[in-house]
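> only geometry, no sequence info:
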């Protein structure tokens, strides 16, 4: 992933407004971009039907982690 900073003065001002260094600000931008990409991928998977029903996931997760099975309400 690449983030281009075309105006370093503006980037410094934005970092200062965010209360962090320019490096920390860039790290935050990268993290936000990664989060957005993960959300887009999840939405795409859901739209294409590539998902696991919650009940199935819950059962497998509990088994894998050694949790007791969930009692049906």
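That came in fine, so what should we check first? Quantities reported herein were computed from a predicted structural model and do not represent experimental measurements. Numbers count the residues shown, from 1 in each chain.
> biggest helix in the protein by residues?
For the chain, the helix with the greatest residue count under DSSP state H is helix 22-47.
> Let me know the average pLDDT across the helix or strand residue 60 falls within.
If you go by DSSP states H and E, residue 60 is part of helix 54-65. Helix 54-65 comes out with an average pLDDT of 93.
> From the rest of the structure, what touches it?
Residues outside helix 54-65 that contact it (C-beta atoms under 8 Å, 6 or more residues apart in numbering): 67, 68, 69, 70. (Each C-beta comes from the backbone N, C-alpha and C, glycine too.)
> Run a quick neighbour tally on the last one.
The one in question is residue 70. 10 (other C-beta atoms under 10 Å).
> Next one: it from residue 54, what distance?
11 Å (C-beta to C-beta, to the nearest Å).
> tell me the contacts of the residue nearest to residue 24 when sequence neighbours are not counted?
For residue 24, ignoring the flanking residues on the chain, the nearest one in space by C-beta to C-beta, 6 or more residues apart in numbering is residue 15 at 7.1 Å. Taking C-beta under 8 Å, 6+ apart as the criterion, residue 15 is in contact with 21, 22, 24, 25.
> Which pLDDT value belongs to the residue nearest to the spatial centre of the chain?
For the chain, the residue nearest the mean C-alpha position is residue 35 (3.2 Å; C-alpha atoms, centre = their mean). For residue 35, the pLDDT comes out at 97.
> circling back to that earlier point, quick one: pLDDT of the residue nearest to residue 24?
On the pLDDT scale, residue 15 gets 92.
> next one: residue 69
85.
> how far away is the closest residue to it other than its chain neighbours from residue 55?
Leaving aside its chain neighbours, residue 69 sits nearest to residue 62 (6.0 Å; criterion: C-beta to C-beta, 6+ apart). The gap separating residue 62 from residue 55 is 11 Å, by C-beta to C-beta.
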